[in-house]
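A.B. asks: Could you look at this predicted model? Sequence included:
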Amino acid sequence: MAAVGAATTLRQAGAYYGRSLPRRAVLTVPSSDWKKLTKLPTFTNTDCVVLDLEDGVADTAKQTARENIFRYLNESASKINREICVRINSMSSNHINDDVKLLKDLSTLIDCLFVPKVDSIDEIKWLADRLGSNRQYNLVLYCESAQSLVDLRSILTSASNLFPLQGVVFGSDDFSADVGINGRYSLDAYELTYARQKLVTICRLFENAQPIDMVYINFKDLDGLKKQSEQGAAWGFTGKQVIHPQQVPVVQTAFSPSESSIIWAKELIQAYEKHEKEEGKGAFTFRGQTMVDKPLLRRARYILNMTR
Amino acid sequence: MAAVGAATTLRQAGAYYGRSLPRRAVLTVPSSDWKKLTKLPTFTNTDCVVLDLEDGVADTAKQTARENIFRYLNESASKINREICVRINSMSSNHINDDVKLLKDLSTLIDCLFVPKVDSIDEIKWLADRLGSNRQYNLVLYCESAQSLVDLRSILTSASNLFPLQGVVFGSDDFSADVGINGRYSLDAYELTYARQKLVTICRLFENAQPIDMVYINFKDLDGLKKQSEQGAAWGFTGKQVIHPQQVPVVQTAFSPSESSIIWAKELIQAYEKHEKEEGKGAFTFRGQTMVDKPLLRRARYILNMTR
Amino acid sequence: MAAVGAATTLRQAGAYYGRSLPRRAVLTVPSSDWKKLTKLPTFTNTDCVVLDLEDGVADTAKQTARENIFRYLNESASKINREICVRINSMSSNHINDDVKLLKDLSTLIDCLFVPKVDSIDEIKWLADRLGSNRQYNLVLYCESAQSLVDLRSILTSASNLFPLQGVVFGSDDFSADVGINGRYSLDAYELTYARQKLVTICRLFENAQPIDMVYINFKDLDGLKKQSEQGAAWGFTGKQVIHPQQVPVVQTAFSPSESSIIWAKELIQAYEKHEKEEGKGAFTFRGQTMVDKPLLRRARYILNMTR
């Protein structure tokens, strides 16, 4: 792809991909590790890069990580033709105040804010209040506890009122620790069926809340990763966290629409647009069926977005 | 079975089978196809026939379908010794007003009304209001979206206040499209575990809300149908949608009570009635256990209903 | 272990194990069977003994069972070095008034009260009101119906406000009868996935509500019991009901923490205590990660409790 212009003009909030951007592989990079940051421009195959300030960064390295992010985004963000995000620390940590300060200096340099361990509406309100005019950040939040899963609907309602809400990540490790689920998952993660399927269902109540699936910890086992990715895609997740560049192509492929679904989506959108133009609003017929369903149109648009 | 009398006197709302009628196989027939309607009297092995106005009927054939239903019910309803229902279009479609008009002419000719894509309490209230005195229809509604599943309890509460609520159909195809679940299901429908098990559980809060399971699309694969039917029956569904007459006997068998459960039910009801007569209300002993549980009595009555 | 002192001083409410006591195997004994009661002191390998007044006792034997409990606890409770509990009849039964009378005579003799078939907040309030000053009993309640599962969060909120709530038992048999789930479970209890995983998740919203898993009915099949116990432990249950002494060792082992998790827990607690002493409240680093999470501390304490 062609080189892009100055990051400060390119990466206006939401301007890069817009609201319905695909995030198949979501690669988290520890921001304390400058060397890893400088390698990022070569990972052009991931939809989404998350510069981490939270669990991937030791307590003593938080300030270094913040400085790295600031320097990296100003120097190199324009070189990486992917969505760039920052994961801050949780609202219950004592790092959050310094993270918020950093965010005020980054407002035009990142595409989306990742917020971990959101357990209550109050945390979201607090964050919106502290960010002030930086509240225009696209938001992806993490569901990582029993409380968060149980209250997910009200948390997302609040979040979508205060931010352009774009996704929910299932933080399987912290969720499992909270619920007491055994850390060594079975391959099919049978023990997380309720949590993952509920999360996907709740996300669908919100126009743009992409459900992003759990990490596959054993990053050397690409076969296992493929199976779990395909399972997640079949269940309705639209993407998956990755912790190693090797995982990216497997995940990107698993969460890409199939050829037949792309054809279906194109034809559906064409039929809808033709109908809108010729007959105005209302039901139309597609492949022999009455098409009045918003879900199908939304799904078709989502699929086409994935192919841009 | 003996021929039955005039449909207009037989098919009073709820009078045919009463409130706890079994609906094991629920066969949907496209009402635009007159030839299929005329074949119905030979399908005496299905508990429930649904004359469809919705997804099985093309947009351009809706009015023909309505006329077919009116003519068929007046001419032939008395010949088919099964529950006869009509599925109208959804409240969000632009066909619903004409469907409601038709219903006003059918009030004594059908046993039950099937209402698809119920996503909110408001839709149910609107329908009750529009039907007016035809509100005495027994009601079966479809849960076919994330919104519907999440709000199912409140939707059913409202529906059971306004109608004799008798069932909830899990519309797996539309639900899957809405949630983004991959259309090609695995045989065990693992990806719908949360939705199906939650739906059954919520139904049980309502006295007569029979949970009716998903369609098995591949109608030539009777082995697969048998497995999925037995799974549904084991999970608490009381019946299943069918789209082809060949599927009927497999489904009817899978959702029939076993010999031993029929014996159990008969003895429980006998013990209960003896106790009621001799000692009045209260707990009684059955097979060595104290029997005070409403659920067990309800279940026994349900099983006996199935054997009529 | 050494013999313990007088039961009346030992078994103050909650004093025996304290609030976070482990209950791996929860052995229910029919209190109408005096012979079984007298054998109890030899079952020193179960964490928890429940003297049953409910489903294990025939209607005609309830009074005998109450008398046995009174006599047994006064004569022999001191000989059994395990938690001793009583399961009363449900609030909807006509035995509950006599059970409450018995409880008033047992106040210092039992560790915890097991309350079956809790379907509503009102039942919990009624019980608290009737028990009066005996409300200091630790409470374990049973979730055994669709209603109970759907309303579990509000039921537990109420229960934890009125009692020291310590656990929730999944009553799979009654739950299955209520929902219409087929009584002959598959080994992996796939049909109860939603119910069991939701129950565990809801329990985790409450500090001490241990989730206790379903009974494995076929008590001769110890291999099957082992598999189902390990599944329950992996899903977040902390214990399991047992109906036969032979089941106890299998269950106790399956719900015991592994060697590595004990080491993890010890080191985490040490790091936390060191941090607290040297630097006061706040985040600390453990195994390279920032540790601010209450869930991890709670989990570590729970694991260490299990090893006492």
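C.D. replies: Yep, it's here. Numbering: from 1, shown residues only, chains lettered A, B, ... in the order given.

A.B. asks: Up against chain B, what does the stretch 51-200 of chain A have?
C.D. replies: A:153, A:193-194, A:197-198, A:200 (CB under 8 Å from any CB of the partner chain). Heads up, the C-betas are built off the backbone N, CA and C, glycines and all.

A.B. asks: Now for the residues you listed: which two are most distant?
C.D. replies: Farthest apart among these by CB to CB are A:R153 and A:T193. That separation is 18.9 Å.

A.B. asks: ok, the two, which is more surrounded?
C.D. replies: Using other CB atoms under 10 Å in any protein chain shown as the criterion, A:R153 and A:T193 rank with A:T193 on top: 21 against 16.

A.B. asks: on that earlier part again, of the residues of the stretch 51-200 of chain A next to chain B, closest to chain C?
C.D. replies: A:Y194 (3.4 Å; CB to the nearest CB).

A.B. asks: Let me know the helix or strand that the closest one is in.
C.D. replies: Using DSSP states H and E, the element containing A:Y194 is helix A:193-203.

A.B. asks: How about residues contacting the next helix or strand after that helix?
C.D. replies: Next along the chain after helix A:193-203, taking DSSP H and E as the criterion, comes strand A:210-213. By CB atoms under 8 Å, 6 or more residues apart in numbering or on different chains, the surrounding residues in contact with strand A:210-213 are A:23, A:26, A:140, A:166-170, A:196, A:199-200, A:203-204, A:228-229, A:232, A:236-241.

A.B. asks: Show me what the helix or strand following strand A:210-213 is packed up against.
C.D. replies: Downstream of strand A:210-213, the next assigned helix or strand under DSSP H and E is helix A:222-235. Here helix A:222-235 touches helix A:193-203, strand A:210-213, strand A:239-242, helix A:247-254, going by 3 or more CB pairs under 8 Å, 6 or more residues apart in numbering or on different chains; DSSP states H and E.

A.B. asks: ok, now which ones touch the closest residue to A:H95 other than its chain neighbours?
C.D. replies: Excluding the flanking residues, the one nearest A:H95 by CB to CB, 6 or more residues apart in numbering or on different chains is A:N89, at 3.9 Å. When contacts are counted by CB under 8 Å, 6+ apart, A:N89 touches A:53-54, A:62, A:95-96, A:99, A:116, C:290.

A.B. asks: Nearest to A:R299 among these?
C.D. replies: For these, the nearest to A:R299 is A:P116 (28.7 Å; CB to CB).

A.B. asks: tell me the contacts of that closest one?
C.D. replies: Applying CB under 8 Å, 6+ apart to A:P116 gives the contacts A:54-55, A:87-90, A:141-142, A:144, A:171.

A.B. asks: again, 10 Å this time
C.D. replies: A:52-55, A:87-93, A:140-144, A:169, A:171, A:174 (CB atoms under 10 Å, 6 or more residues apart in numbering or on different chains).

A.B. asks: so how far is chain B from it?
C.D. replies: 24 Å (CB to the nearest CB, to the nearest Å).

A.B. asks: Quick check: the residue of the stretch 51-200 of chain A nearest chain B.
C.D. replies: For the stretch 51-200 of chain A, CB to the nearest CB, closest residue to chain B: A:Q197, 3.4 Å.

A.B. asks: quick one: the closest residue in space to that residue that isn't next to it in sequence and A:K198, what's the gap?
C.D. replies: Excluding its sequence neighbours, the residue lying closest to A:Q197 (CB to CB, 6+ apart) is B:Y194, at 3.4 Å. Separation of B:Y194 from A:K198 (CB to CB, to the nearest Å): 6 Å.

A.B. asks: overlap in contacts of those two?
C.D. replies: With CB under 10 Å, 6+ apart, B:Y194 and A:K198 have common neighbours B:149, C:194, C:197-198.

A.B. asks: residue nearest the centroid of chain A?
C.D. replies: A:G167 (4.9 Å; CA atoms, centre = their mean).

A.B. asks: so what pLDDT did it get?
C.D. replies: pLDDT for A:G167: 96.

A.B. asks: beta partners of it?
C.D. replies: A:V140, A:Q210 (DSSP bridges).

A.B. asks: Alright, that wraps it up for me.
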